[in-house]
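Undergrad: Here is the input, now give the coordinates:
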Amino acid sequence: MIATGERMTMRMADVDAVILAGGLGTRLRAVVADRPKVMAVINGRPFLNYLFDQLITAGIARVVLCTGYLSRQIQSCVGDSYRTLSIVHSVESVPLGTAGALRLALQMLQSDPALVMNGDSYCAVPLERFWLSHLSSKAAASLVLARLSNTERYGRVKLGAGDEVIGFEEKSGTPDQGLINAGIYLIHRSLIDEIPIDRAVSLEREVFPNWIGRGFYGFKTDGKFLDIGTPESYASATAFFAGGSMMT
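TA: Prediction:
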């Protein structure tokens, strides 16, 4: 991990982003059968472009795109740049899960920490504020937490003093309100390096619980949240992105 003094002088423009886009998208295939879900079209644009635009708004200049299922289609459509973004492709030969894909991409990362985003969700969070919160808390890892009135599909994240993560609650099956993992993280290389190599590993189920008590913090936002993992949630994406930028 880099020294605190060096970390405080970093700008968000110096941070590499990672987008985890290797999922099979099984639940979405009933309505998006011919492409990976990150390329699902919303208002005439691939979902991935909305994530790219969010990164550009925050000043990010370089992104590592982690792909697996239909990776050649993504590479063909995306290429090595988008507007002001430089794009590097990290391709898994077998499914590695969210953590395994991130570990594979470590060799391509040039910054410490890295900004990591799930490729099937969007949260309208000001990334610069998230970055400043991460620095001020001297976190080893931070995650964005969206406040929802109904968390039954996602489970909840529990915070302790100073917004340190103290636990994860499984899906309850009841429409309770609370904070959910919004799929955006700042993670230092030392933690990424601990992820096992060359096997499928889940960030959410296997890795995050083991980081509790090791400088793992949450950043709460009231920004709107969307995932496109099911036909029902994908159907709501058109209205979600209507009217331009979702940033708050």
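Undergrad: where are the low-confidence patches of the chain?
TA: Within the chain, the stretches with pLDDT under 70 are 1-9, 25, 173, 243-248.
Undergrad: Next, name the residue at the spatial heart of it.
TA: Ranked by distance to the mean C-alpha position of the chain (C-alpha atoms, centre = their mean), the top residue is M117 at 1.7 Å.
Undergrad: what helices or strands is the helix or strand containing that one leaning on?
TA: Per DSSP states H and E, M117 falls inside strand 114-118. Under the contact criterion of 3 or more C-beta pairs under 8 Å, 6 or more residues apart in numbering; DSSP states H and E, strand 114-118 touches strand 17-21, helix 47-57, strand 178-187. For every residue, glycine as well, the C-beta is placed using N, CA and C.
Undergrad: ok, and which of the ones you listed has the densest surroundings?
TA: Per-stretch averages of neighbours, counted by mean count of other C-beta atoms under 10 Å, single out strand 17-21 among the helices and strands packed on strand 114-118, with a mean of 27.
Undergrad: Alpha carbons of that one, as PDB, please.
TA: Only the C-alpha atoms of strand 17-21 are listed here, as PDB (Å, rounded to 0.1, in the frame of the first residue of the first chain):
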ATOM      1  CA  ALA A  17     -10.800   2.200 -13.100                       C
ATOM      2  CA  VAL A  18     -11.800  -1.400 -13.500                       C
ATOM      3  CA  ILE A  19     -15.200  -2.500 -14.900                       C
ATOM      4  CA  LEU A  20     -16.200  -6.100 -14.100                       C
ATOM      5  CA  ALA A  21     -18.000  -7.200 -17.300                       C
END
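Undergrad: Check which helices and strands it sits against.
TA: Packing partners of strand 17-21 (3+ C-beta pairs under 8 Å, 6+ apart): helix 47-57, strand 62-67, helix 97-105, strand 114-118.
Undergrad: out of these, nearest to P36?
TA: For the helices and strands packed on strand 17-21, the distance to P36 is smallest for strand 62-67, at 7.5 Å, taking C-beta to C-beta.
Undergrad: Tell me the first helix or strand C-terminal of that closest one.
TA: Using DSSP H and E, the next helix or strand after strand 62-67 towards the C-terminus is helix 71-78.
Undergrad: got the angle for that next one vs strand 62-67?
TA: Here the directions of helix 71-78 and strand 62-67 differ by 150 degrees (axes from the mean of the first three to the mean of the last three C-alpha atoms, to 10 degrees).
Undergrad: residues touching the residue nearest to the centre of the chain, list them.
TA: By C-beta atoms under 8 Å, 6 or more residues apart in numbering, the contact set of M117 is 17-20, 51, 55, 183-185.
Undergrad: before we move on, the earlier item: mind putting the helices and strands packed on strand 17-21 in TSV, distance to L143 included?
TA: Output for these, formatted as TSV (distance: least, C-beta to C-beta, whole Å):
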stretch	distance to L143
helix 47-57	16
strand 62-67	17
helix 97-105	12
strand 114-118	9
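Undergrad: Next, the distance between the ends of stretch 153-163.
TA: Terminal residues of stretch 153-163 lie 23 Å apart, using C-alpha to C-alpha, to the nearest Å.
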